[in-house]
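>>> Fold the stuff below for me.
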Amino acid sequence: MGRTRASGENAGGSSATDAWAPAMVKAAIVLALSWIGFLFVPNRLLAFLTTRVTPHARDALVTLWVIAFFIGLSWLFVTLQTGRRR
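Predicted structure coming up:
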């Protein structure tokens, strides 16, 4: 009877299991940074800038922040992916 993945195809080594740990850490980093950069910081910017600048300037600053953060997060994502083995 042939072995299945559940019955221990990788019984000699745990390379498949070992690959999950770094991937989960990278995913958690990207998720946390996304929450901070796309939700927390713009919310704080809106609260801070509401009484200090005009609505058009406030919206432009928050939009610029989101665009810059998206570019930075995209770069980080690509950088994290280049370390992956195929």
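>>> Please pull out the lowest mean pLDDT helix or strand from the chain.
Lowest on mean pLDDT, DSSP states H and E among the helices and strands of the chain sits helix 15-35, with a mean of 87.
>>> the helices in the chain, which residues?
For the chain, applying DSSP state H gives helices covering 15-35, 41-49, 55-82.
>>> quick revisit: how much does the least confident helix or strand of the chain deviate in direction from helix 55-82?
170 degrees (axes from the mean of the first three to the mean of the last three CA atoms, to 10 degrees).
>>> Which residue, neighbours along the chain excluded, lies closest to the residue sitting nearest the centre point of the chain?
By CA atoms, centre = their mean, the chain has its centre lying nearest to residue 30, at 1.7 Å. Counting by CB to CB, 6 or more residues apart in numbering, residue 77 is the residue found nearest to residue 30 once chain neighbours are left out, at 6.2 Å. Where you see a C-beta, it was placed from the backbone N, CA and C, and this is true even at glycine.
>>> So the one you found is in contact with residue 31, correct?
No - assessed by CB atoms under 8 Å, residue 77 is found out of contact with residue 31, at 11.2 Å.
>>> what about the two, which has more around it?
Set residue 77 next to residue 31 and count neighbours by other CB atoms under 10 Å: residue 77 wins out with 14 against 10.
>>> what's the pLDDT at the more buried one?
pLDDT recorded at residue 77 is 93.
>>> thinking again about what came up before, how far away is the residue nearest to residue 30 from residue 33?
Going from residue 77 to residue 33 by CB to CB, to the nearest Å gives 10 Å.
>>> next one: residue 49
For residue 49 relative to residue 33 (CB to CB), the value is 22 Å.
>>> what does residue 51 give?
Applying CB to CB to residue 51 and residue 33 gives a distance of 28 Å.
>>> neighbour-wise, which of those two wins?
Neighbour count, other CB under 10 Å: between residue 51 and residue 33, residue 33 has more, with 15 against 7.
>>> Please look at that one and residue 76 and confirm they touch.
Yes - Residue 33 is within contact range of residue 76, at 7.2 Å (criterion: CB under 8 Å).
>>> can I have the least confident helix or strand of the chain written out in CSV, keeping just the CAs?
Coordinates of each C-alpha in helix 15-35 appear next as CSV, following Å, rounded to 0.1, in the frame of the first residue of the first chain:
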residue,chain,number,x,y,z
SER,A,15,11.7,20.3,5.5
ALA,A,16,8.1,20.9,4.6
THR,A,17,7.2,21.8,8.1
ASP,A,18,10.3,23.9,8.6
ALA,A,19,9.3,26.0,5.6
TRP,A,20,6.0,27.1,7.3
ALA,A,21,7.6,28.8,10.2
PRO,A,22,9.6,31.5,8.3
ALA,A,23,6.6,31.9,5.9
MET,A,24,4.2,32.5,8.9
VAL,A,25,6.7,35.0,10.4
LYS,A,26,6.9,36.9,7.1
ALA,A,27,3.1,36.9,6.7
ALA,A,28,2.6,38.2,10.2
ILE,A,29,5.1,41.0,9.6
VAL,A,30,3.4,42.0,6.3
LEU,A,31,0.0,41.8,8.0
ALA,A,32,1.0,43.9,11.0
LEU,A,33,2.7,46.5,8.8
SER,A,34,-0.4,46.6,6.6
TRP,A,35,-2.6,47.3,9.6
